[in-house]
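In: model the structure of this input:
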Amino acid sequence: MKILTLFTAPKPFTNPHIAMIQRNAIRSWRALGDEVEILVLGAEDGLAENAARLGVKHISSINKNASGTPLISSLFQAAREHNDSPLLAYVNADILLLPDFFAQAKRVLELSSRFLLVGQRWDLDVREELDFTGNWLEKLQQDCASRGRLHKPSGSDYFVYPRECFSNIPDFAIGRAGWDNWMIYEARQRGWQTIDATESIHIIHQDHDYTHLPDGKPHYRLPETYENIRLAGGQVNIFTLADVRYQYSHGKVSRKKLTWHRFFREVEIFPLIHLHSPGLSKVFYYFFHPSEFFEVLHSKFSGKNQKESR
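Out: Numbers count the residues shown, from 1 in each chain. Here you go, the predicted model:
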């Protein structure tokens, strides 16, 4: 039986650079060992051929939204149905995983029964096919140490969780902002351990442009992102890695130290996480974010004035 199943929804393999970094990523996953299964999901151009070339399982039947973008709900359901692994992990298709990823994830499963394991990534410009033989790990780590950049804790590129978790997910669009933030919110409000593994699990994001997106715009400026945020329950439910309560380091899970910033953030989200009160949650949110409150008021009254002037 496979212990960990990695699944992803790659972009089309039509852009040569995107195709290259996705093949690099999947090859790095295959190097994790025989206890790890890999699923590539979707019907994007070139996906079936590259899955066969790389020796990974391909599932093409994935539900999409009106814009033709695969739905997170369908991806997670397909991953659950096509394996019996106790541990699942969604990973973005441009992420290089290092050999200890599986061992670290398996260790967390031994320590906790319900959790979400996430962490920051390192950004690196990769312009060639990588060879995962010989001393490839040492070379890659040296390259990342000299040229890589630790990404800010705003987004997440991998989500490791026991298969009992995340059985019900809204119809988010993949590759757009908001859904990864909801994952952390959902784990927090359900009382699962949210664990930051940045210190112990190093992942590498291969830089790329946004030419694969409509009009070449970054994903956070697309209408599907606004719909994702709406499905997440609004801006109040947008959490980041800064909202994760635990950390995984040296083989142990422990609470993060309480700073003043974390203290005030916990006060802000208390009605949301502990009282499950949407109304009170918005009051607290706007209290801590007055500029957004005034922006809402301005939008409301400016719209009203425009109607009255007609």
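In: how about the contacts made by A242?
Out: Shown in contact with A242 (CB atoms under 8 Å, 6 or more residues apart in numbering): P153, H261, R262, R265. Every C-beta, even on glycine, is put in place using the N, C-alpha and C of the backbone.
In: now with 6 Å, please.
Out: Shown in contact with A242 (CB atoms under 6 Å, 6 or more residues apart in numbering): P153.
In: same question, I203
Out: For I203, counting by CB under 6 Å, 6+ apart, the contacting residues are I95, R121.
In: for it, what are phi and psi?
Out: Per-residue torsions, I203: phi -120, psi 150 (degrees, to the nearest 10).
In: looking at the sheet around it, what are its partners?
Out: I203 has these beta-bridge partners by DSSP bridges: L97.
In: distance of it from L222?
Out: 25 Å (CB to CB, to the nearest Å).
In: show me where pLDDT drops low in this structure?
Out: Where the chain drops to pLDDT under 70, the residues are 209-221, 303-310.
In: what segments of it are helices?
Out: 16-30, 47-54, 72-81, 101-111, 136-147, 179-189, 223-232, 260-273, 278-288, 290-308 (DSSP state H).
In: could I get those as TSV with mean neighbour count and distance to R245?
Out: Formatted as TSV, the helices of the chain follow (neighbours: other CB atoms under 10 Å; distance: least, CB to CB, whole Å):
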stretch	mean neighbour count	distance to R245
helix 16-30	20	28
helix 47-54	16	37
helix 72-81	20	23
helix 101-111	18	14
helix 136-147	13	28
helix 179-189	22	7
helix 223-232	19	19
helix 260-273	14	9
helix 278-288	15	18
helix 290-308	10	24
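In: so which of those is nearest A197?
Out: helix 101-111 (6.6 Å; CB to CB).
In: dump the closest one to CSV, keeping only the CA atoms.
Out: Output of helix 101-111 as CSV, limited to C-alpha atoms (Å, rounded to 0.1, in the frame of the first residue of the first chain):
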residue,chain,number,x,y,z
PHE,A,101,9.6,15.4,2.0
PHE,A,102,8.0,12.0,2.4
ALA,A,103,9.8,11.1,5.6
GLN,A,104,8.9,14.4,7.2
ALA,A,105,5.2,14.1,6.2
LYS,A,106,5.0,10.5,7.4
ARG,A,107,6.5,11.7,10.8
VAL,A,108,3.8,14.3,11.2
LEU,A,109,1.2,11.6,10.5
GLU,A,110,2.6,9.7,13.4
LEU,A,111,2.3,12.7,15.7
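In: that one vs helix 16-30, what angle?
Out: Computed by axes from the mean of the first three to the mean of the last three CA atoms, to 10 degrees, the angle separating helix 101-111 from helix 16-30 equals 50 degrees.
In: of the helices of the chain, which is nearest M1?
Out: Nearest of those to M1, taken as CB to CB: helix 101-111 at 12.9 Å.
In: same for the closest one, what does it pack against?
Out: Using 3 or more CB pairs under 6 Å, 6 or more residues apart in numbering; DSSP states H and E as the contact definition, helix 101-111 packs against no other helix or strand.
In: thanks a lot, catch you later.
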